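> quick one, fold the following:
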Amino acid sequence: MIPDAQAHDQRELETAVLAALTRGMDHLVFHSRAWDYRVGRVIKSVRPEPDSVSLELDPLILGPMLGELLPIGPHKDEQSIEIAGTAGARARWRKSGQLVISLADPASHAEVIVTGVGKREWHAAQVYVRAERPLALTLNDRYQDVLSPNEADFLLIYPRFHLPIHFVSGLLRRVKIFSTAWALSIHGSRESAKLSWSGALTVESALTALCHPVTQITPNTFTATEWPVSQEGEINDLNTADRSASRRTTGCSLILRGDPETQQRPRVSQPGSMPNYWQAWETAYAGHPQKHRSSQRLSDLVELRRANTGEEPSRAKNCIGPLANETDERELRNSLIPEAHSLHQRVLETSLLLAIRDGAVLVSDFRHRFHQVFLSVSPRKERLVAELNPAVSNPFFKALLANEEPSPSGDGVPGLRLESGQNGIDLRLLDETGTLTDAKLEIKNINLDDWDKIWNDINRTVEHEYRRVDPLLDRSPQLSRGERDGMTHQRKRCGPVGLGSAMLRRIGLLAGARAVDVWPGLGKTQIHVEIDSGPSISSIVSALQHPIAGVTNYAEVLDENQTRFAQLREIQPTADRFVGPTSDAASPPALILRPLTRQAARRRNS
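Predicted structure coming up:
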């Protein structure tokens, strides 16, 4: 799944690049726009191969990375052979849009390729380096393919790194594990490497990912230990002969330390007051100022939407492309993550949100990269497009389908119907009179052939008296007796459908959890969302309060300073946003966020 670097010089180069990236991120705090960038925003993608690795980086990190990476020799009057940066590191730009980082060592074929680096990005990166660290390009430009005398002398006496490079190389190839971290720091001493980070990621989660049989960071025999009290962990590689910088070891370790602090970095620079090297970068990168501002604004909006929805970059960009030049904040708020357009659409989306409880296992031994049921959602003004996790599609749909005959259990969503869509299947909704409403939710990764298999499996697993309604619209155009009997109860159960729909359209905020449980509570005026070992409550609240992507125009956040509980409450409940009982004035419609304890999850799953 994730190939390791095979050559010693390749591991050295990848170690140098990751170290330069982590130190380079410290420079971003002085930029007025990038001060709060997380690792996942800076390092957009990693594509490892046995003999190379390709990266896609944010243009802002290129200059700081090169400044930290490229070697700086001693002044001509100094007698020292010390080298700042990485001895032998070189960077070459290709017109094809690649920045190739290599080593000038004789016979070295090591490469780290940064893709998506156009002429403008490369020019701005050089301007930054010359303004912030003027000598960093000297050896790179003067000794393009060979070591300088100082570098050669240095490498005869010292290794490039005094740490186990196969661990650090492996971390670069798995760096997306740390996407939510604000900062990374790598240090080493002989046969031990230490990785520290600030952010919500737990040491347990990092250890689980790095030790997974498919993606483990070392192919050798190893042991792993966690110390929860000190937020530390350790991976001991018991057999690493000829793999460390010294090439003389038979064992080494990787120490992990997480700082659970999830607050954003303090803002150091405001627009117009940035250091001179960042102002130089902005001038060089702008080129055509209006074009650059539009491009960067679109990039920022795409990342903001993806953080909420989990969409692929291309899909998010296609959905919001016209917003790049939009200056009206109200229009941005209405269009970036649009609200459901009608009461019936909100009922349908809230019903799917509540079905998460029955459609997925509540206790899991690993964190889900996305969400346990919805891999992604794509909010549109007239519908919602979703991608389901195939592993849970059968129980999820079983939970959604209503009974043909009246049942005290009140299972399913009365009136739920299905028809063939443009890219998959479309879920539709009948109202209490049996009329087809305007509600539509497209499941893009399930077609009619897939549905036939799911439907046959559901039929085999339910008893005759609990037989489900065939949801195909052309087969069941009218409500069944069971649906008519359970319609009112199910709709009231949805309660605050405005908030429920808003949460489903931002389901990406819950990515990374082991499990998520959703259930109606307090007289059906509330929806509870509980997260097991996932993103912190404070980070979700912060996202929901975002002035563009959040919900503050129709909801207020209570208890926002609490780390274990928060309440999102409707400001002015209206009939098209709340379908629960209206008699209980003491409990207004609300969405409750809290952590899900493992013990509670096991009880509910049993």
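> so where's the stretch 201-350 of the chain uncertain?
Across the stretch 201-350 of the chain, the ranges flagged by pLDDT under 70 are 240-251, 260-273, 288-296, 327.
> so where do the helices sit in it?
With helices called from DSSP state H, counting those that start in this stretch, the stretch 201-350 of the chain shows them at 203-210, 276-286, 289-309, 313-320, 329-336, 343-354.
> ditto for the stretch 351-500 of the chain
Using DSSP H, counting those that start in this stretch, helices in the stretch 351-500 of the chain cover 356-359, 393-400, 448-461, 481-494, 497-504.
> what mean pLDDT does the first one get?
Pointing back at helix 356-359 there. Helix 356-359 carries an average pLDDT of 82.
> about what we covered before: out of the helices of the stretch 201-350 of the chain, deepest packed?
helix 343-354 (a mean of 26; mean count of other CB atoms under 10 Å). No exception for glycine: its C-beta is placed from N, CA and C like everyone else's.
> still on that earlier bit, so of the helices of the stretch 351-500 of the chain, which one's packed in deepest?
helix 497-504 (a mean of 26).
> helices or strands up against that one?
When contacts are defined as 3 or more CB pairs under 8 Å, 6 or more residues apart in numbering; DSSP states H and E, helix 497-504 packs onto helix 343-354, strand 526-532, strand 555-558, strand 566-570, strand 590-595.
> can you list contacts of the first one?
Pointing back at helix 343-354 there. 340, 383-384, 386, 400, 413, 416, 427, 429, 431, 437-441, 490-491, 493-498, 500-501, 503-505, 507, 518-520, 527, 575-577, 579 (CB atoms under 8 Å, 6 or more residues apart in numbering).
> just the buried ones from the residues you listed?
With burial judged by 16 or more other CB atoms under 10 Å, the buried subset of the contacts of helix 343-354 is 340, 383-384, 386, 400, 413, 416, 427, 429, 431, 437, 439-441, 490-491, 493-498, 500-501, 503-505, 507, 518-520, 527, 577, 579.
> so where is the stretch 451-600 of the chain shaky, pLDDT-wise?
For the stretch 451-600 of the chain, the ranges with pLDDT under 70 are 560-563, 581-586, 597-600.
> which element is Trp93 on?
Following DSSP states H and E, the helix or strand that holds Trp93 is strand 89-94.
> returning to that earlier point: looking at the helices of the stretch 351-500 of the chain, which is nearest to Gln126?
With distances scored as CB to CB, the stretch of the helices of the stretch 351-500 of the chain nearest to Gln126 is helix 497-504 (45.0 Å).
> just want the angle from that closest one to strand 566-570.
130 degrees (axes from the mean of the first three to the mean of the last three CA atoms, to 10 degrees).
> Serialize the helices and strands packed on helix 497-504 to JSON lines and add fields for distance to Arg475.
Formatted as JSON lines, the helices and strands packed on helix 497-504 follow (distance: least, CB to CB, whole Å):
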{"stretch": "helix 343-354", "distance to Arg475": "20"}
{"stretch": "strand 526-532", "distance to Arg475": "32"}
{"stretch": "strand 555-558", "distance to Arg475": "39"}
{"stretch": "strand 566-570", "distance to Arg475": "38"}
{"stretch": "strand 590-595", "distance to Arg475": "36"}
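> what is the neighbour count of Pro390?
Neighbour count for Pro390, taken as other CB atoms under 10 Å: 12.
> and it, how far is that from Leu28?
38 Å (CB to CB, to the nearest Å).
> ok, now Asp532?
In terms of CB to CB, Asp532 sits 32 Å off from Leu28.
> what does Ile177 give?
For Ile177, the distance to Leu28 - CB to CB - is 20 Å.
> do the same with Ser542
Applying CB to CB to Ser542 and Leu28 gives a distance of 19 Å.
> out of those two, which sits in the busier spot?
Using other CB under 10 Å, the more surrounded residue of Ser542 and Leu28 is Leu28, with 22 against 18.
> now that one. Nearest residue, chain neighbours left out?
If the residues on either side of it in the chain are set aside, Leu28 comes closest to Ala34, at 4.3 Å by CB to CB, 6 or more residues apart in numbering.
> for that neighbour, what are its contacts?
28, 58, 60.
> and the strand holding Trp93, what does it pack onto?
Using 3+ CB pairs under 8 Å, 6+ apart, strand 89-94 sits against helix 59-69, strand 98-103, helix 138-142.
> which one of the ones you listed lies closest to Glu303?
Among the helices and strands packed on strand 89-94, helix 59-69 sits nearest to Glu303 (CB to CB), with 12.5 Å.
> list the helices and strands the closest one packs on?
helix 8-28, strand 89-94, helix 119-132, helix 276-286.
> can you tell me what sits against the last one?
With CB under 8 Å, 6+ apart as the contact definition, helix 276-286 has outside contacts at 30-32, 59-60, 63, 120-121, 123-125, 127-128, 131-132, 269, 274, 292-293.
> and these, which are buried?
Buried among the contacts of helix 276-286 (16+ other CB under 10 Å): 30-32, 59-60, 63, 120-121, 124-125, 127-128, 131-132, 269, 274.
> now, the most widely separated pair of these?
Arg120 and Ser269 (22.2 Å).
> got the domain ranges for this protein?
8-259, 288-336, 343-605 (automatic domain parsing).
> and the residue nearest to Trp122 when sequence neighbours are not counted, what does it touch?
Spatial nearest neighbour of Trp122, excluding adjacent residues (CB to CB, 6+ apart): Trp93 at 4.3 Å. For Trp93, the contact set (CB under 8 Å, 6+ apart) comprises 99-100, 117, 122.
> next one: stretch 478-494 to chain centre, how far?
Centroid displacement of stretch 478-494 relative to its chain, using CA atoms, centre = their mean, to the nearest Å, is 37 Å.
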